[in-house]
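Asks: I'll drop the sequence and a predicted model, then ask my questions.
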Amino acid sequence: MASSEYDAFRARMAAQPAPPPPASLDELRQRIDASMGQLSLAEGTSASVVDAGGVRAQLCRRDGGEGDPTVVYFHGGGYRMASALAYRSYGSHLARACRAQVLLVDYRLAPEHAYPAAVHDAVSSYRWVLDGGARASRVVVAGDSAGGGLAAALPMALRAEGLPQPAGVVCLSPWVDLTNTTASFGYNAARDQMFSKTSADQAAELYLAGQDPKDPLVSPLFGDWSGLPPMLIQVGSGEVLLDDAARLAELVEGAGVAVERHVYEEMPHVWQLNYPAFPEAVAAVEEIARFVQRVTS
């Protein structure tokens, strides 16, 4: 059952008048940055713009956190919207909770930059972290929604490049099958107000630009996870991506790799971004922090 705090928040949001629809994708991006980018940082943290191997990024650190492990994080948004700026507040909270430095990667977005631009940027930013002196055993890759799919694709891309694997992977409400054919797109359609089959199909068309949706670096569910890092997966029970998360866990476990999949009852798509407002978001971030500390110790 959803928390009373979340129920109250949802009621307040429903009572507010809806803004007019954006005139363009660029306007939508600007709205997201304007609303989320002004959120305050977690106490005792800082965020700075960095050039991560030719990829713009935000680096969130906690005060006195020299020597912390690194979380390379890929934001959600269907590969077509959102940004590191929009996630800066959340990244600072992750940095404090996980006792890590969090690199929020501004990978290139579709339709201006279709696949494989995002994958190339993910590899470049990860390589930059290693070139800066971090050991791969002290690095975790993570992401939510489309960014969760990118986080799951990255180890396969690193294997192809001959680069060392990270210590672990965190996938939050991951979109990992761009064929968009899993059953939960149907049976959870009425419950998921954040994502839909229609929006998934539109986003996939822009990102793929005619490429094969079963390419493992597009849809990690069609890849080989043998020999790759342990994974933590979180998903809400009412999400249209519930089956993506379940099948990803099956793939990883079937390859003989340790995986944890936790389903949070009645939580919406990427509820973790509401940390620390709701108990379920706090519980999820604390679980992420335990995973990061365990695999990087």
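Replies: Cool, got the structure. Residues are numbered from 1 along each chain as shown.

Asks: so where do the helices sit in this structure?
Replies: For the chain, helices defined by DSSP state H occupy the ranges 4-15, 25-36, 88-98, 117-131, 146-161, 184-187, 197-208, 242-254, 279-296.

Asks: which other residues reach the second one?
Replies: By C-beta atoms under 8 Å, 6 or more residues apart in numbering, the surrounding residues in contact with helix 25-36 are 19, 22, 77, 80-83, 85-87, 89, 109, 111. C-betas here are computed from N, CA, C, even on glycine.

Asks: Taking those residues together, which two end up most distant?
Replies: 89 and 111 (27.5 Å; C-beta to C-beta).

Asks: Who has more neighbours out of those two?
Replies: Ranked by neighbour count (other C-beta atoms under 10 Å), residue 89 and residue 111 place residue 89 first, with 21 against 13.

Asks: Can you give me the end-to-end span of stretch 91-109?
Replies: Separation of the first and last residues of stretch 91-109 by C-alpha to C-alpha, to the nearest Å is 20 Å.

Asks: average pLDDT for it?
Replies: Across stretch 91-109, the average pLDDT comes to 98.

Asks: returning to what we had before: buried subset of the contacts of helix 25-36?
Replies: Neighbour counting with 16 or more other C-beta atoms under 10 Å marks 77, 80-83, 85-87, 89, 109 as buried within these.

Asks: In a markdown table, list the contacts of helix 25-36 along with distance to residue 199.
Replies: Listed next are the contacts of helix 25-36 as a markdown table, based on distance: C-beta to C-beta, whole Å:
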| residue | distance to residue 199 |
| --- | --- |
| 19 | 17 |
| 22 | 14 |
| 77 | 11 |
| 80 | 10 |
| 81 | 11 |
| 82 | 13 |
| 83 | 18 |
| 85 | 22 |
| 86 | 18 |
| 87 | 19 |
| 89 | 24 |
| 109 | 15 |
| 111 | 14 |
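
Asks: Give me the lowest-pLDDT entry from the residues you listed.
Replies: Among the contacts of helix 25-36, residue 19 has the weakest pLDDT, 69.

Asks: what number of residues lie near residue 49?
Replies: 13.

Asks: give the contact list for the nearest residue to it once chain neighbours are set aside.
Replies: With sequence-adjacent residues excluded and distances taken as C-beta to C-beta, 6 or more residues apart in numbering, residue 49 is closest to residue 58, at 6.1 Å. Counting by C-beta under 8 Å, 6+ apart, residue 58 touches 47-50, 84-85, 87-88, 91, 103-104, 106.
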